[in-house]
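Participant: Here's a sequence, model it:
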Amino acid sequence: MDTSNQTIQSFEDLRVFKRAYVISLEIHIESLKFPKNEQMNGLADQMRRASKGICANLAEGYGKQHISTAEFKRYITIAMGSADEMRVWIRYSFDLHYINQPQWERWKSEYKEIAKMLNSLHKNWH
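Facilitator: Here you go, the predicted structure:
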């Protein structure tokens with residue numbers, strides 16, 4: 001489990017970070033194919049920010065967890081919000097026909113699982 005201090009030496013050791021990072025790279029690459037009007041301050045930009053925000057909040061919070069466990073948990077909570085936000089953005093992407101149904105279903109499932117992992121990390125981190 002991610003909460004074992006013996007196996008977790010940095011935020012990069014967290015399974016949820018690894019999983020969120022992989023999907024955020026995919027989101028970044030795929031969102032660059034969205035229409036030009038979605039690139040800057042549009043849907044593609046929002047998706048890139050939210051997906052990367054999960055990783056960034058885990059990294060920043062982990063860096064502060066040695067000072068305050070509560071602070072790390074606060075950052076995990078923010079990351080949980082970003083995971084749910086991503087489910088909204090990918091729904092828009094599907095409904096606007098920027099992604100196909102299999103991609104939407106896979107991304108939706110992935111962010112649902114990431115949210116569960118974040119919830120578990122929040123609950124079990126001590």
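Participant: Against Leu14, how distant is the spatially most central residue of the chain?
Facilitator: Geometric centre of the chain, nearest residue: Ile54, 3.6 Å, by CA atoms, centre = their mean. Here Ile54 is placed at a distance of 11 Å from Leu14 (CB to CB, to the nearest Å). Every C-beta, even on glycine, is put in place using the N, C-alpha and C of the backbone.
Participant: Which helix or strand contains the residue nearest to the centre of the chain?
Facilitator: Using DSSP states H and E, Ile54 sits in helix 43-64.
Participant: Can you mark which positions in that helix are buried?
Facilitator: In terms of neighbour count (16 or more other CB atoms under 10 Å), helix 43-64 has its buried residues at 43-44, 46-48, 50-62.
Participant: Would you agree the residue nearest to the centre of the chain is in contact with Asp84?
Facilitator: No - Ile54 lies out of contact with Asp84 (CB atoms under 8 Å); the separation is 10.4 Å.
Participant: In the protein, spot the helix with the most residues.
Facilitator: helix 69-95 (DSSP state H).
Participant: related to what we said a few turns ago, residues in contact with the helix holding Ile54: which ones?
Facilitator: 10-11, 14, 16-17, 20-21, 23-24, 27-28, 31-32, 34, 38-39, 71-76, 78-79, 82-83, 85-86, 89-90, 92-93, 96, 98, 114, 118 (CB atoms under 8 Å, 6 or more residues apart in numbering).
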